[in-house]
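In: Sharing a model prediction with you, sequence too.
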Amino acid sequence: MTQTKRSLAVLGSTGSIGTQALDVAARHQERFRVVALTAHSSKEKLFAQVRAFRPLLAGLTDRRFSLSDVPQELRFCRWVFGAQALKEAAALPQAQDVLVSVVGMLGLESVLTALAHHKRVLLANKEALVAGGALVMKAAQAAGENMLLPVDSEHSAIFQCLQGADGNAVKRILLTCSGGPFRLWEKDAIDRATREQALRHPTWAMGQKITTDSATLFNKALEIIEARYLFHVEPKQVQVLIHPQSVVHSAVEYEDGAVVAQLGTPDMRLPILYAMAYPERLPTGGAALDLFAVRELTFDPPDAVRFPSLRMAEESLLAGGAACCVLNAANEVAVNRFLAEGGGGGMTVGRIYAVVEETLQRAGHMPADSLTDVLEADRRAREIATSLLG
């Protein structure tokens, strides 16, 4: 049987998700053709990728760069610079799939652009659903069935567990997390924690922003919001489970009591390749899960007092409007300051929680009926959070 080759645009190709996507694309060259690559400022890494994959389009979103920075031998493809690079890559006629792994609100605009051009979006950007969930889901529905596929490991796991459900009612989404470095800490100790302590994640090796979010459980708070939109459930139907072994990536509980879970090693190539090859499964080249080596699987309820990020996520969903966008923006501003100061100037984990909560209160109700509304809510939230930080 002849397999169809999928053409792929990778937005954020030099980041962790982007490089792993290219790794599995290279492993299955007969199945994937990379037609567009974009990066922000890692030009040398992007140049190496362009040499290897020879796309039709490449771009650097950092406005400091221009065609004069591109080696002559790499000008065989079209080069685009600044924010326009993402727009053109997301709308490239030759691309069937667009992997959106850029960080920040540019991801929301990229997702909406790709869906408007009837591209299948492989989503690895949190801001798109957290800040503009209703807009994205409306665009995805207009684009067609299964045109928005999650790449995040937990949401990919849930999506996999829903395959073959054939309309059976879902009772709960069981969203797992490792619990991070503060899983067993008392509240006062968490509130006083510094950057160095927050960055000591027991399971995953990630960038500083997401590692900090995993420590505060803001990462899980954002995933609650994403799950609500992706899987059309109410906030109360999303249950977070603290699962330090990181073997069960998430699960779905059905109305008849059955719980279907997805297990695997902590390897992001699995959810990335699952989205790229959907509905097929292809080998990642990674190690398989050895069930005989798994000694125990434990699950504990989260503590919303020690980790108020979970409470704020549910409250933001219930508040509606742009509250989730405000939560995300305020957290990003606070975490950036936390990472820059690392405990200096009184910047601790507890201060992150306080800044986000105060920003939500001061912002009040803001609409999220259009991309303009969402971008304005994001701008206003960042302004408030910055002023609170001094």
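Out: Looks like it arrived, so ask away.

In: where's residue 328, which helix or strand?
Out: helix 323-341 (DSSP states H and E).

In: Would you mark the buried spots in that helix?
Out: In terms of neighbour count (16 or more other C-beta atoms under 10 Å), helix 323-341 has its buried residues at 323-339, 341. All C-beta atoms are positioned from the backbone trio N, CA, C, and that covers glycine.

In: ranges for the helices of the stretch 51-200 of the chain?
Out: 84-90, 106-116, 126-143, 153-162, 187-192, 195-198 (DSSP state H, counting those that start in this stretch).

In: which other helices and strands contact the last one?
Out: Packed against helix 195-198 by the contact rule (3 or more C-beta pairs under 8 Å, 6 or more residues apart in numbering; DSSP states H and E) you find helix 208-216, helix 323-341.

In: got the CA positions of that helix in PDB?
Out: Provided in PDB are the C-alpha atoms of helix 195-198 (Å, rounded to 0.1, in the frame of the first residue of the first chain):
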ATOM      1  CA  ARG A 195      14.600  30.500  41.100                       C
ATOM      2  CA  GLU A 196      17.300  27.900  41.800                       C
ATOM      3  CA  GLN A 197      14.800  25.800  43.800                       C
ATOM      4  CA  ALA A 198      12.000  26.200  41.200                       C
END
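
In: quick one: buried residues of that helix?
Out: Result for helix 195-198 [16+ other C-beta under 10 Å]: buried residues 195, 197-198.

In: One more: the longest one?
Out: Neighbour-count burial for helix 126-143 flags 126-133, 135-137, 139-140, 143 (criterion: 16+ other C-beta under 10 Å).

In: May I see the residues you listed arranged in JSON lines, with pLDDT as well?
Out: JSON lines is the format used below for those (pLDDT from 0 to 100):
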{"residue": "126", "pLDDT": "90"}
{"residue": "127", "pLDDT": "91"}
{"residue": "128", "pLDDT": "95"}
{"residue": "129", "pLDDT": "97"}
{"residue": "130", "pLDDT": "97"}
{"residue": "131", "pLDDT": "96"}
{"residue": "132", "pLDDT": "96"}
{"residue": "133", "pLDDT": "96"}
{"residue": "135", "pLDDT": "97"}
{"residue": "136", "pLDDT": "98"}
{"residue": "137", "pLDDT": "97"}
{"residue": "139", "pLDDT": "98"}
{"residue": "140", "pLDDT": "98"}
{"residue": "143", "pLDDT": "96"}
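
In: So which of those is the closest to residue 206?
Out: Minimum distance to residue 206 across the buried residues of helix 126-143 is 12.9 Å, recorded for residue 126 (C-beta to C-beta).

In: among the helices and strands packed on helix 195-198, which gets the worst mean confidence?
Out: Note on the helices and strands packed on helix 195-198: lowest mean pLDDT is at helix 208-216, with a mean of 92.

In: Many thanks, we can stop here.
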